[in-house]
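Need a 3D model of the following:
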Amino acid sequence: HSVVRNALFCLETAADEKENHVYTKALMAYTFALAGKEEKRKALLSLLEKEAVKKDGSVHWQRPGKEPEVDLPYFRYRAPSAEVEMTAYVLLAHLTTQPAPSQEELSFASLIAKWITSQQNPNGGFSSTQ
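Model prediction:
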């Protein structure tokens, strides 16, 4: 459909900008995955991997300039909802590909899933409303 084609063209142009926010890159990576634009998906995931926070055997993304976590006894830090959301979009972008994700992508996705599950509250939900 022409409207979808024009929208994808607009997003492809925006994806080429150098100063995209990490949240925008995560959202566009998933969008291109859904649209079957494999080259754009991979390019964005490659950029996102460079910005990933790899800690304690897990991977996630956070907003630039964010204050470091305070390590307090008897307190379990939970990330803001925007960080849970953008990390979830990166996970979806890794898993939404044709043909099925490679073993390497699945291994990396498991590190992302590990971080996301660590963000669950005691009732099994998340701080995000998305």
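
mind listing the strands for this protein?
Using DSSP state E, the strands of the chain run over residues 53-55, 58-60.

quick one: contacts for the closest residue to residue 27 other than its chain neighbours?
Once flanking residues are discounted, residue 27 sits nearest to residue 89: 5.5 Å by C-beta to C-beta, 6 or more residues apart in numbering. (Glycine included, C-beta is placed from N, CA and C.) With contact taken as C-beta atoms under 8 Å, 6 or more residues apart in numbering, residue 89 is in contact with 26, 27, 29, 30.

Test for you: state the pLDDT assigned to residue 89.
At residue 89, the model reports a pLDDT of 96.

Okay, it and residue 3: tell me how far apart.
As judged by C-beta to C-beta, to the nearest Å, residue 89 and residue 3 stand 23 Å apart.

just the contacts of residue 89 now: which is nearest residue 116?
Set against residue 116, the nearest of the contacts of residue 89 by C-beta to C-beta is residue 26 (12.7 Å).
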